[in-house]
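S.K.: fold the following, please.
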Amino acid sequence: MRTITIRDVPEAVYERWKALARRRRRSLRTEVIDCLTRHVERSVWSRDESIAKAAELRARLRWVDHALVDRYKRAGRA
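M.R.: Residues are numbered from 1 along each chain as shown. Below you'll find the predicted structure:
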């Protein structure tokens, strides 16, 4: 296992992390490792996975006029 030292953690962040660890009956170290692990695993998607997730989200937003959104996006880039 590697060791990471994090300096200058804002007091509010530290206290919230500590409170979260206490609620989950974990050590602060365990809570921080879990948080970092979930963040890294969630944010490392391949290009194809990202496109699929975007398409999935777009399909759930049926009430949105996607043609109109696309037109506005293109107009903003002109």
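
S.K.: the longest helix in this protein is where?
M.R.: When the chain is parsed with DSSP state H, its longest helix is helix 28-43.

S.K.: give me the residues contacting that one.
M.R.: Residues from elsewhere that reach helix 28-43, judged by C-beta atoms under 8 Å, 6 or more residues apart in numbering: W17, K18, L20, A21, R24, R26. Quick note: C-beta positions are derived from backbone N, CA and C, even for glycine.

S.K.: distance from the chain centre to it, please.
M.R.: 11 Å (C-alpha atoms, centre = their mean, to the nearest Å).

S.K.: ok, stretch 24-42 next?
M.R.: Here the centre of stretch 24-42 is set off from its chain's centre by 14 Å, with C-alpha atoms, centre = their mean.

S.K.: for it, what is the average pLDDT?
M.R.: The pLDDT scores in stretch 24-42 average 91.

S.K.: please spell out which residues along the longest helix of the chain are buried.
M.R.: E31, V32 (16 or more other C-beta atoms under 10 Å).

S.K.: any idea how far L36 is from R62?
M.R.: Going from R62 to L36 by C-beta to C-beta, to the nearest Å gives 36 Å.

S.K.: and the worst-scoring helix or strand of the chain on mean pLDDT, what does it pack against?
M.R.: Least confident helix or strand, the chain: helix 66-77 with a mean of 84, by mean pLDDT, DSSP states H and E. Of the remaining helices and strands, none touches helix 66-77 by 3 or more C-beta pairs under 8 Å, 6 or more residues apart in numbering; DSSP states H and E.
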